[in-house]
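In: predicted structure and sequence below. I'll ask about it afterward.
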Amino acid sequence: MARIDDLKGSSDDQLVEQLGQLKREQFNLRFQSATNQLERPSRVREVRRDIARIKTLQTQRTGAEAAK
């Protein structure tokens, strides 16, 4: 699970890359869930929340840039 403090230290490019990886993982987890092959059901929730953390941080950064 990604901590918000760790994410704040990342650049915008790194956040976009991490978001892409998490979205791919989310897709794979949904596919595994549909075929009843999911090993850790809690991982679905963790990935969803990590995606939300990254998107929130991106929104905050764009809002801060617009305010300048």
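Out: Received, thanks.
In: leaving out sequence neighbours, find the closest residue to the most centrally placed residue in the chain.
Out: Geometric centre of the chain, nearest residue: Ile51, 2.3 Å, by CA atoms, centre = their mean. Counting by CB to CB, 6 or more residues apart in numbering, Ile51 lies nearest to Leu22, which is 5.1 Å off, once chain neighbours are set aside. For every residue, glycine as well, the C-beta is placed using N, CA and C.
In: quick one, phi/psi of the one you found?
Out: Taking degrees, to the nearest 10, you get phi -70, psi -40 for the backbone angles of Leu22.
In: got it, and Arg3?
Out: Torsion angles, degrees, to the nearest 10, at Arg3: phi -90, psi 150.
In: which residues of this structure fall in helices?
Out: 4-8, 12-34, 42-67 (DSSP state H).
In: can you add mean pLDDT and give those back as CSV?
Out: CSV is the format used below for the helices of the chain (pLDDT from 0 to 100):
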stretch, mean pLDDT
helix 4-8, 86
helix 12-34, 96
helix 42-67, 94
